[in-house]
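J.: here is my input, please return the structure:
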Amino acid sequence: GAEPVAEPVAAEVPAAAPSKENSFQEADDRSVTAAARGQNEMGYDWSLALPWQDAPKYASFSVKLAADANFDPLGFADTEDELIKFRDAELKHGRLAMLAAAGWPLAELWDKGLAQKFGLPVALTSDGRAPSVLNGGLDHINIAFWLAVLGGAAAIEVAGMSKKVPGDYGFDPLGLADKIGEDFVAAAEVR
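T.: Numbers count the residues shown, from 1 in each chain. Sure thing, here's the model as predicted:
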C-alpha cells in the first residue's frame, strides 16, 4: 500500500486591519442604514440620551448631526428643517452662554481700568457690579452701544441664513477644523 498523500494546507493569512477611511465609511454606512430603520447608530430603537425612551422621530431623518444622542423627548423636531433650526439655536445659545460666562467677570475686573485708560465713564454699578437687569445700571449704557450690539447680532443672523451646516459661520481664526478635523471640532463644541 501506498501511503496517503497529505493535502497541502494553506497557511491562514490574517485579514488586513481595516484602514481608518474604511472604518469611518463602515460607521457612516451603519448610521445611514440604522437611520433608515428608525434606529440609532448602534441599531437600537431607543434614545442614547434617555435609554428608557424610544428614539425620537428625527433619528429616521437623513440628517447627521455632530455628537447626537437622540435627545428630543417632547418630539419638537418633526421635520428635517426643524431639526436643523433647533440645532442651530442650540449652538448659538451655547456660544452666547460661554461668552457671557467669561465676559461677565472680566467686565467687572477690567471695566474701571479700561474706562480710565480711554477717558470713558465707568459703566459698573456703585457696588462694582456689571450692569444688568438685576444689578441695575443699564440706563447708564450709551444707546449707540446698544444699537451696535443689535446691528452686529442682526448681521450675524442674516449671514447665517445661507449656511448649510448648523452653527457654521465660517469663523475659524485658528484653523482648527483643518488641523484636527471638522467632525471632531463640531462634536467637541456640542459636548
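J.: now the helices for the protein?
T.: 20-36, 80-118, 143-160, 176-180, 182-190 (DSSP state H).
J.: can I get the ones you listed in CSV including mean pLDDT and mean neighbour count?
T.: Every residue, glycine included, has its C-beta placed from N, CA and C. Shown next, in CSV, are these (pLDDT from 0 to 100; neighbours: other Cβ atoms under 10 Å):
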stretch, mean pLDDT, mean neighbour count
helix 20-36, 52, 12
helix 80-118, 89, 13
helix 143-160, 89, 10
helix 176-180, 75, 12
helix 182-190, 70, 15
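J.: closest one to K57 among those helices?
T.: With distances scored as Cβ to Cβ, the stretch of the helices of the chain nearest to K57 is helix 80-118 (9.2 Å).
J.: against which helices or strands is that closest one packed?
T.: Helix 80-118 sits against helix 182-190, with contacts defined as 3 or more Cβ pairs under 8 Å, 6 or more residues apart in numbering; DSSP states H and E.
J.: cutoff 6 Å now
T.: In terms of contacts (3 or more Cβ pairs under 6 Å, 6 or more residues apart in numbering; DSSP states H and E), helix 80-118 is not packed against any helix or strand.
J.: now do that helix and helix 143-160, the angle between them.
T.: 150 degrees (axes from the mean of the first three to the mean of the last three Cα atoms, to 10 degrees).
J.: follow-up on the earlier one: now the helices of the chain as TSV including distance to G170?
T.: Shown next, in TSV, are the helices of the chain (distance: least, Cβ to Cβ, whole Å):
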stretch	distance to G170
helix 20-36	24
helix 80-118	14
helix 143-160	8
helix 176-180	10
helix 182-190	12
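J.: for the ones you listed, which one sits closest to D54?
T.: The nearest among these, by Cβ to Cβ, is helix 20-36 at 13.9 Å.
J.: so N70 touches Q53, yeah?
T.: No. With contact defined as Cβ atoms under 6 Å, N70 does not count as touching Q53 (8.8 Å).
J.: higher neighbour count, the two?
T.: In terms of neighbours (other Cβ atoms under 10 Å), N70 is the more surrounded of N70 and Q53; the figures are 22 against 13.
J.: state the pLDDT value of that one.
T.: In this model, N70 is scored at 77, pLDDT.
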